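Make a model of this:
(2 chains, ligands or ions: 2)
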Amino acid sequence: MRAGAWVLVRFIARRDRGLIALWIGVAVALPLFNAYSLAALLPTEETRVAFAGMSAGNPITRALLGPVHGTSIESLVAWRSGVQSLLITGLGGLLFAIRHTRAEEDSGRGELVAARPVGRQAVVTAVTVLVAVVNVAVTALLTVGLSLGFGYPPGGTLLFALTVGAGGMAFAACGLLAAQVCQSAALARGAGVGVLVAGLVPGVVVPESWIGIFPAGWPRLAQAYGAERWWVPLMPLAFAAGLTVAVFVLSSRRDLGAGVLPDRAGFTGPVRGRLGSPLALVWRLRGGQVVGWTVALGTAAAGVGWVSASFELATLTRHTLLAIFTYVFCMVVACLTVAGTLRPYTEESRGRAAPLLAAPTTRARWLGGHTALSLGAPVAMLLAVGLGSGAGNALGTGSVGPLLTQVGAALLFVPAAWAIAGVTIAVYGLRPRVAVPVAWAAVVVSAASVALWEAGTIGDTAFLLTPFGYVHPSISSGFVVPAAFVVVAAALVVAGGAGFARRDLLA
Amino acid sequence: MDAAISVSGLVKSYGRVRALDGLDLRVDTGEIHGFLGPNGAGKTTTLRVLLGMLRADAGQVRLLDGHPWRDAVRLHRRLAYVPGDVVLWEELTGGETIDLLGRLHGRIDEGRRAELVERFALDPGKKVRGYSKGNRQKVALIAALAARVELLVLDEPTSGLDPLMEAEFRRCLARRRDEGATILLSSHILAEVEALCDRVSIIRQGRLVESGTLAELRHFTWTSVTARLERPLDRLEGVHDLEIDGGTLVRFRVDSGQAGRALVRLAEFGLVDVTAQPATLEELFMRHYRQLPEAVAG
Ligand SMILES: Nc1ncnc2c1ncn2[C@@H]1O[C@H](COP(=O)(O)OP(=O)(O)OP(=O)(O)O)[C@@H](O)[C@H]1O
Ligand SMILES: [Mg+2]
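Ligands and ions are numbered 1, 2, ... in the order given. Here you go, the predicted structure:
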């Protein structure tokens, strides 16, 4: 059943050597960077005690990262890096797994491989092997880097690194399972990232004693440099093993190209007349997703608004809880904005734009249709988040006040979302081949700067230059910054449009 | 002769779409078997079942000496496949792609591979990104034809090839057959089928409507006759589409097996010249593609 796996391992390793190096590099660099910057920031025991006290008092940090277990520099670094590292190894493994399984099947290349004497589980096996190699490398390099480079105790360092590596395995297994179950790579990525976020954020709502069953709790439970519970890395490993067995069972039973969850079926009847204009076609292509996500976000936000109305925890009031969640929703909308705005790239590179542009549709109208939806979609989603959370909260508290505040808070993110869409459109128009990595890198850098700002590595001014800056719950910035983002977004869209009008089509 | 492929009563549905509806198919060892049918007839689906990529809902399928789903790996060592839609890794070169597919297969004849690259005039050093459609198709063809196998399964393998390459492809296939390989060839190009295939099977809406050699298929059709006579003719029974030009030049179609009676009648009017043509393949297939399966079978 696994014949051919070894050839695939070597092929995938070669094909993705750059991505694998990046994945390992970022996963190793982040804790090392934290170790370096926290050491510079907190050189003495007094400063560390003060920092720990301050962090314990900050409800957002506390909810996301858990309590601080010690005031040694290594405990603080482990505390600070745990969830971040899981996010990186998890996201890397998840996307890597889907890229080489479902995405290959989607493209039709899976058929080319499956027709060879290659076992039904060869691809899954090859991916699992490579993910394991990557995570072992991350674990080893982290251990060596932190213990030799910074002189941290080797035992605790190994435990910390093992927790991170094992967590990466668990999320990669989630990705493999999503790829088996979902009938398209896009659906699988959505489901996988959803699981990742759900696994790492529940610190906000789940009480401390239960957090251990979520991935977010693994680093807290392990307490590297503290109680040092060595059995903790076994949890993610057992979880990964269980999921992998399920993956093997599914992959040996299902048809190539089929899933358990079908993609939404298209219309079978004649195409309606409305498809005549480019905007109508864009709506037909992307409208369903926009509506689906808007409804999903609105519903989730309503739930959060309603729950948070009756929420009171020592340091965490309902206001802060609602603010954190609104912020998280904004980040989700930012990701969806990038994904949606990249759609014209997909259309063009798959050769689906050329027939339209050869017909009497001008480039400006075609890209204009896509851009209109790319800018409109975040407005609709944010409005849904605001209305949902506000209405839910109003229902729970019995006053209508939150409704307006929440709508305002959510819509405040619109300029930032537009700026992100603008960056995407600009790279797409000017340098289409790097559009996907650059657009996503912009979001990742913005998200990383939140962590850097919270850690005090970058200052307020630098933070305000990033899209997630001015909407942060602990920042109030006035209206100059959002207005500036609108101007920047407009300039970027114009630049992208001008670039697109001049360059060659990709396919 | 023993069958390389035998399928009976094969059913496969995609959700509510019944793509194969009790299909029968038999391919004998050592023949080139044409697999024809209108778009959406179920050819690709059949080939995917044969390759163990799809699991049959019902029916018996035997491929070489095994079960296509259960013995997939063992059988795949003995066959090569060219899919209907060839999609390759954009960042690899053509040569690297052939290498990869060859290593996955494990039974590549390096000499034959080099020869094929030359024959098909492929530049193996170029990235797939930069290949035209025909060149991508060549990559998949070379990877399949270079394998030492006893069965080739080809799904519209010449789409995108220019006439020169098409001719080259026919030569390669004929040679493989002479070496003893069995070939199942799904195609819409009738000239190719006529030039290569020993037998053909025509399917429609997931069912077999006709199978046999081209001569046998023609047997069920007609002959077009043009004749010049000494004396004018006004009527002729038992023929179709009769045209009489100035009384002495006649054209008509006559069902296979019925030509004798018509010619005897023509002889009575002083037959000067006659040309008779069997139905062209186009005419033959048009008939099968258009008609309902029941009508053809009956
Ligand atoms: N993945 C799928 N999901 C749903 N229906 C499918 C799928 N693949 C094929 N079909 C349907 O099954 C039927 C047979 O399709 P198939 O691709 O086997 O036809 P084909 O004979 O190869 O046609 P062509 O000559 O156009 O290649 C068609 O009605 C098609 O719409
Ligand atoms: Mg087909």
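
so what does the strand or helix carrying A:Leu22 touch, helix or strand wise?
Assessed by DSSP states H and E, A:Leu22 sits inside helix A:17-41. Of the remaining helices and strands, those touching helix A:17-41 by 3 or more CB pairs under 8 Å, 6 or more residues apart in numbering or on different chains; DSSP states H and E are helix A:73-100, helix A:122-144, helix A:150, helix A:154-181. In short, each C-beta sits where N, CA and C put it, glycine included.

can you rerun that using 10 Å?
When contacts are defined as 3 or more CB pairs under 10 Å, 6 or more residues apart in numbering or on different chains; DSSP states H and E, helix A:17-41 packs onto helix A:5-15, helix A:45-57, helix A:73-100, helix A:122-144, helix A:150, helix A:154-181, helix A:435-454.

got the residues of the stretch 401-507 of chain A near chain B?
Listed as neighbours of chain B in the stretch 401-507 of chain A under the rule CB under 10 Å from any CB of the partner chain: A:506-507.

In three-state terms, label the one residue in the stretch 401-507 of chain A that gets nearest to ligand 1 for me.
Of all residues in the stretch 401-507 of chain A, the one sitting closest to ligand 1 is A:Ala507 (22.3 Å; CB to the nearest ligand atom). Under DSSP: H, G, I helix; E, B strand; the rest coil, A:Ala507 falls in the coil class.

which SSE is the closest residue to chain A within the stretch 151-298 of chain B in?
Residue nearest to chain A within the stretch 151-298 of chain B: B:Val153 (7.9 Å; CB to the nearest CB). Assessed by DSSP H and E, B:Val153 sits inside strand B:151-155.

Could you point out the helix or strand that follows that strand?
Defined by DSSP H and E, the subsequent element after strand B:151-155 is helix B:163-178.

Identify the single longest helix in chain A, thanks.
Looking across chain A with DSSP state H, the single longest helix is helix A:363-397.

where's the residue of the stretch 401-507 of chain A closest to ligand 1 relative to A:Arg343, distance?
Separation of A:Ala507 from A:Arg343 (CB to CB, to the nearest Å): 15 Å.

Please apply the same query to A:Gly190.
Separation of A:Gly190 from A:Arg343 (CB to CB) stands at 14 Å.

now check stretch A:108-123, is it near ligand 1?
No - Stretch A:108-123 stays clear of ligand 1 (CB under 6 Å from any ligand atom), getting no nearer than 11.4 Å.

same question, stretch B:193-209
No - Stretch B:193-209 is not in contact with ligand 1 by CB under 6 Å from any ligand atom; minimum separation 7.0 Å.

Going by neighbour count, list what's buried in that stretch.
Neighbour counts over stretch B:193-209 (16 or more other CB atoms under 10 Å in any protein chain shown) mark B:193, B:196-197, B:199-209 as buried.

Can you give the distance from that stretch to the centre of its chain?
In this view, stretch B:193-209 has its centroid 6 Å away from the chain centroid, taken as CA atoms, centre = their mean, to the nearest Å.

what about that stretch, average pLDDT?
For stretch B:193-209, mean pLDDT is 92.
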